[in-house]
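Enquirer: Show me the folded form of this:
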Amino acid sequence: MKLKKYVKSILVFFITLTGIVLGIFLGIRFLQFFLPFVIGWIIAMIANPLVRILERRLKVARKHTSMLIIIGVLALVIAAIYFLGVRIGQETRAFLDQAPEMYADFREDFQSAGRNLGSIISELPENIQESLKEVQQDIGDITGQAVGRLSQLTVDKAGSFARNIPSILISIIFSILSAYFFIADRDRILEFGRAHTPQIIQEKWRMMAESFKAVFGGYFKAQFKIMAVIGVILFIGMLILRVRFAILVAILVAFLDMLPFLGTGTVLIPWAVFKLVSGDIRYALGLVILYLTTQLVRRIIEPKLVGDSIGMNPLVTLIFMYIGYRIGGVIGMILAVPVGAIVLNFYKAGTFDGVLNGLKEAGRDLFQWMYSDKPS
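Expert: Prediction:
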């Protein structure tokens with residue numbers, strides 16, 4: 001009897017683990033395949049509270065109000081994307097035009113830094129001097145290649161986007177239509193789901209939805225607010241320092257600031273050190289002040305916005321980030337933190353208690369059998 005119980009516990013564990021892994025991979029594929037409907041569902045979630053208000057205030061049918069609200073939401077989103085896209089497009093086009101000139105300026109700064117370090121290097125042994133010269137040459141070559149590859153990559157992506165415009169337009173149409181039906185037939189869809197879903201699955205789904213809402217609503221909402229504030233500060237600082245393509249640089253650094261264990265210092269500190277070594281002390285001091293300002297602002301607003309929305313140990317967070325990076329690159333690393341928090345919430349709620357208790361009991365009995373005193 002015990003053997004059957006152990007086999008059952010182990011099978012349940014591996015089936016659960018396999019289901020989770022398959023669910024993650026198939027879920028990613030599912031989201032990619034049905035992306036227009038996912039976008040439509042997100043639009044529906046945003047618009048639905050406004051639809052309810054209009055229903056109560058104006059006594060208008062849901063099917064009549066939902067299209068008006070969707071059009072209003074889409075108008076705001078498209079307007080924001082348009083103005084931001086135009087600005088980023090202008091910056092990107094100017095960046096490509098000035099890339100050779102920027103590379104020449106960087107090479108000049110690099111050579112200036114080398115000259116400033118020359119007096120220190122000259123005091124070192126000859127073999128170390130030769131090694132440092134080789135490193136300097138390698139860095140210059142790598143930088144030149146990186147600028148060339150970045151320019152080519154941007155051109156290739158622009159061409160790919162132009163070729164995919166018909167597909168993008170079709171996806172937008174499907175997103176709008178699906179958003180309308182998600183709102184107009186919301187009650188009917190929910191009733192159909194409740195009628196054809198077992199009670200235990202409904203309970204798990206309700207738990208997952210509440211955890212999803214708490215984690216994503218708390219974590220991402222707070223992080224995007226912080227990212228917006230830091231981005232504005234960086235943009236103003238870049239304008240004061242007269243940095244070329246200030247908005248692109250500010251967006252990039254603000255995005256890095258949103259990632260756990262990275263932050264604005266990933267870019268600003270090496271940049272400040274390089275400018276200091278190259279002799280531009282004012283520029284370096286400005287970057288240091290900008291870095292300290294962003295850190296001070298983050299420390300002030302982060303506790304109020306984030307609080308305990310995730311509540312994960314830093315080591316556990318790091319492990320989830322690494323797993324997410326190995327599975328889905330940078331996007332996977334970002335999503336791994338809230339997904340990991342959801343998994344931990346399931347664990348705390350006792351979802352895996354049956355499987356884990358069975359494994360613990362089987363392991364305990366196995367160790368007792370292995371280390372018990374056997375008759376000679």
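
Enquirer: show me where the stretch 251-376 of the chain has helices.
Expert: For the stretch 251-376 of the chain, the helices defined by DSSP state H, counting those that start in this stretch cover 265-277, 281-305, 314-348, 353-371.

Enquirer: Tabulate those in TSV, adding columns for distance to I173 and mean pLDDT.
Expert: For the C-beta atoms, the positions are set from N, CA and C on the backbone; glycine is no exception. Listed next are the helices of the stretch 251-376 of the chain as TSV, based on distance: least, CB to CB, whole Å; pLDDT from 0 to 100:
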stretch	distance to I173	mean pLDDT
helix 265-277	39	81
helix 281-305	36	82
helix 314-348	25	74
helix 353-371	44	66
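
Enquirer: any idea how far A44 is from F182?
Expert: 4 Å (CB to CB, to the nearest Å).

Enquirer: Equivalent analysis for V253, please.
Expert: With distances taken as CB to CB, V253 is found 37 Å from F182.

Enquirer: Comparing those two, which residue is more hemmed in?
Expert: The neighbour count for V253 versus F182, taken as other CB atoms under 10 Å, is higher for V253 (26 against 21).

Enquirer: residues in contact with the more buried one?
Expert: By CB atoms under 8 Å, 6 or more residues apart in numbering, the residues touching V253 are I230, L234, T264, V267, L268.

Enquirer: one more time with 7 Å, if that's ok
Expert: L234, T264, V267, L268 (CB atoms under 7 Å, 6 or more residues apart in numbering).

Enquirer: Now render the helices of the stretch 251-376 of the chain as JSON lines, adding mean neighbour count and distance to P166.
Expert: Formatted as JSON lines, the helices of the stretch 251-376 of the chain follow (neighbours: other CB atoms under 10 Å; distance: least, CB to CB, whole Å):
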{"stretch": "helix 265-277", "mean neighbour count": "17", "distance to P166": "37"}
{"stretch": "helix 281-305", "mean neighbour count": "16", "distance to P166": "41"}
{"stretch": "helix 314-348", "mean neighbour count": "16", "distance to P166": "25"}
{"stretch": "helix 353-371", "mean neighbour count": "12", "distance to P166": "48"}
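
Enquirer: what's the closest of those to I39?
Expert: I39 sits nearest to helix 314-348 of all those, at 16.1 Å, using CB to CB.

Enquirer: That closest one packs against which elements?
Expert: Applying 3 or more CB pairs under 7 Å, 6 or more residues apart in numbering; DSSP states H and E, one finds that helix 314-348 contacts helix 199-215.

Enquirer: quick check: mean pLDDT across the helix it packs on?
Expert: Helix 199-215 comes out with an average pLDDT of 70.

Enquirer: Could you do stretch 170-183 as well?
Expert: The average of the pLDDT scores along stretch 170-183 is 80.

Enquirer: buried residues in it?
Expert: S171, F174, S175, I176, S178, A179, Y180, F181, F182, I183 (16 or more other CB atoms under 10 Å).

Enquirer: Now the first one: which helix or strand?
Expert: Counting by DSSP states H and E, the secondary-structure element that holds S171 is helix 165-184.

Enquirer: Mind listing what's buried along the helix or strand containing P49?
Expert: Using DSSP H and E, P49 sits in helix 35-58. Neighbour-count burial for helix 35-58, with 16+ other CB under 10 Å as criterion, is recorded at 36-37, 39-41, 43-44, 46-48, 50-51, 54.

Enquirer: Show me what it is packed against.
Expert: Packing partners of helix 35-58 (3+ CB pairs under 7 Å, 6+ apart): helix 62-116, helix 165-184.

Enquirer: Give me the helices and strands touching the shortest one, please.
Expert: Of the remaining helices and strands, those touching helix 165-184 by 3+ CB pairs under 7 Å, 6+ apart are helix 35-58, helix 62-116.

Enquirer: mean pLDDT for the ones you listed: which is lowest?
Expert: For these, where the average pLDDT is lowest is helix 62-116, sitting at a mean of 67.

Enquirer: Distance across stretch 187-205, terminal residue to terminal residue?
Expert: One end of stretch 187-205 to the other measures 17 Å (CA to CA, to the nearest Å).

Enquirer: before we move on, what about stretch 209-229?
Expert: 29 Å.
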